[in-house]
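Trainee: Sequence and computational prediction follow.
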Amino acid sequence: MSTVRHFLTLSDLSSAELLAVLERAIDLKAMTKRGELYTPLQNRSLAMIFEKASTRTRVSFEVGMTQLGGHALFLSPNDSQLGRGEPIEDAARVISRMVDMVMIRTFEQYKVERFAAYSRVPVINGLTDTHHPCQLLADLMTWIEQRGLPTGRTVAWVGDGNNMCHSWMEAARLLNFKLRICTPQGYQPKASIVAANAAQLSFCATPQEAVQNADLVTTDTWASMGQEAEKKQRELAFAGFEVTDDLMALAHPDAIFMHCLPAYRGKEVSAAVIDGPQSVVWDEAENRLHAQKALMEALLLGFPH
């Protein structure tokens, strides 16, 4: 029996595998647009375990599995209590005997790791507080569609050193581009993830320094799910970190803007930027569907070469 492959962080893929999945995602998107029926996952099932609610993650995985000919089973926070009743390893042993693949969206990274350690089938991290690798597949796919391969380019991350920032750091190492990071004091990314990807990273004192001549500017909401109590405190800390037209004007003239959504206009990004001509956020959101189809196909049927 071949070794089960999981996708818990972007670093679970090699550089070659990542590029192959992204190219395959672009192919699958084109096939969908042409109306071609492609159903390699007939009679395959995906269990979707949500401890954190989501719009885009649920829609993209459920529709993606349907388009590939399979079935997606939604387990809400009420239907699955990872680690709060039944031990995670027992849930993994049982669920993985009934389905072909599991996607988990939760808070702690250790939960997806623990589940994967006891699972007979591939486990996908649909988001944790530490990593958001599926979003990076969509982001990188969009970047390639819009501007070609990222190698040698520069990305500016402006905002919280959160799960998205961590996954961007891994992407920079895997695809060999520069990532400039600017976060408020006290909101820096995890030191261990910085150390693992350090060669491609630089830290900037101001958003202006980070964005200067960048090819891509990206940010995220200042208060993520579970941080509502910190909202006021975070708004004070992040003053001056809004991506505005003035900030984008410092980037390369051909630069694009990304945001994983949901976005709060007038907070981390101005309406003029997110709704403007440099924004690719709607393509980015759609590409969750196609990138995840390519990922699921690869995990179940083998990675493209």
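Mentor: Looks like it arrived, so ask away. Residues are numbered from 1 along each chain as shown.
Trainee: which stretches of this protein form strands?
Mentor: 45-50, 71-75, 101-105, 123-127, 154-158, 178-182, 201-203, 216-219, 256-259 (DSSP state E).
Trainee: Show me where this structure dips below the pLDDT cut-off.
Mentor: 1-2, 81, 83-84, 225-227 (pLDDT under 70).
Trainee: how's it carved up into domains?
Mentor: Listed domain ranges for the chain are 6-132+286-300, 135-284 (source: the TED database).
Trainee: first to last residue in the shortest one, what's the distance?
Mentor: Spelled out, it's domain 6-132+286-300. 10 Å (C-alpha to C-alpha, to the nearest Å).
Trainee: And for the longest one?
Mentor: As for domain 135-284, its first-to-last residue distance stands at 9 Å under the measure C-alpha to C-alpha.
Trainee: go on, stretch 210-230?
Mentor: Start-to-end, stretch 210-230 (C-alpha to C-alpha) is 25 Å.
Trainee: now stretch 124-140
Mentor: 18 Å.
Trainee: Could you do stretch 3-17 as well?
Mentor: Terminal-residue distance, stretch 3-17 (C-alpha to C-alpha): 16 Å.
Trainee: what does that stretch rub up against?
Mentor: By C-beta atoms under 8 Å, 6 or more residues apart in numbering, the list of residues contacting stretch 3-17 from outside reads 18, 21, 109, 112-113, 116, 119-125, 131, 133-134, 136-137, 167, 170-171, 173-176, 196, 295, 298-299, 303. Placement of C-beta: from N, CA and C, glycine included.
Trainee: can you give me the helices in the stretch 201-305 of the chain?
Mentor: For the stretch 201-305 of the chain, the helices defined by DSSP state H, counting those that start in this stretch cover 207-211, 231-237, 245-248, 271-274, 281-301.
Trainee: ok so, going back, drop anything exposed from the contacts of stretch 3-17.
Mentor: Buried subset of these (neighbour count, 16 or more other C-beta atoms under 10 Å): 18, 21, 109, 112-113, 116, 119, 121-125, 131, 133-134, 136-137, 167, 170-171, 173-175, 295, 298-299, 303.
Trainee: my read: Thr57 touches Thr106, true?
Mentor: No: the criterion here is C-beta atoms under 8 Å, and Thr57 misses it with Thr106 at 11.3 Å.
Trainee: hey, what's in contact with both of these two?
Mentor: 50, 127.
Trainee: about what we covered before: format the helices of the stretch 201-305 of the chain as JSON lines; extra columns: distance to Tyr187.
Mentor: Shown next, in JSON lines, are the helices of the stretch 201-305 of the chain (distance: least, C-beta to C-beta, whole Å):
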{"stretch": "helix 207-211", "distance to Tyr187": "13"}
{"stretch": "helix 231-237", "distance to Tyr187": "7"}
{"stretch": "helix 245-248", "distance to Tyr187": "18"}
{"stretch": "helix 271-274", "distance to Tyr187": "21"}
{"stretch": "helix 281-301", "distance to Tyr187": "22"}
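Trainee: Roughly how far does Leu301 sit from Phe7?
Mentor: Using C-beta to C-beta, to the nearest Å, Leu301 is found at 14 Å from Phe7.
Trainee: More neighbours: the two, which one.
Mentor: Phe7 (25 against 12; other C-beta atoms under 10 Å).
Trainee: Okay, and the beta partners of the more buried one?
Mentor: Ile124 (DSSP bridges).
Trainee: For Ser45, which of the helices of the stretch 201-305 of the chain is the nearest?
Mentor: Ser45 lies closest, by C-beta to C-beta, to one member of these: helix 281-301, at 10.7 Å.
Trainee: Going by neighbour count, which residues in the closest one are buried?
Mentor: Under 16+ other C-beta under 10 Å, the buried positions of helix 281-301 are 281, 283-300.
Trainee: ok, now stretch 98-116?
Mentor: For stretch 98-116, using 16+ other C-beta under 10 Å, the buried residues are 99-106, 109, 111-116.
Trainee: beta partners of the residue nearest to Ile181 when sequence neighbours are not counted?
Mentor: Excluding the flanking residues, the one nearest Ile181 by C-beta to C-beta, 6 or more residues apart in numbering is Trp157, at 4.8 Å. For Trp157, the beta-bridge partners are Ile181, Thr218 (DSSP bridges).
Trainee: Columns distance to Glu228 on top of the strands of the chain, output as JSON lines?
Mentor: JSON lines is the format used below for the strands of the chain (distance: least, C-beta to C-beta, whole Å):
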{"stretch": "strand 45-50", "distance to Glu228": "18"}
{"stretch": "strand 71-75", "distance to Glu228": "24"}
{"stretch": "strand 101-105", "distance to Glu228": "18"}
{"stretch": "strand 123-127", "distance to Glu228": "17"}
{"stretch": "strand 154-158", "distance to Glu228": "22"}
{"stretch": "strand 178-182", "distance to Glu228": "24"}
{"stretch": "strand 201-203", "distance to Glu228": "28"}
{"stretch": "strand 216-219", "distance to Glu228": "19"}
{"stretch": "strand 256-259", "distance to Glu228": "19"}
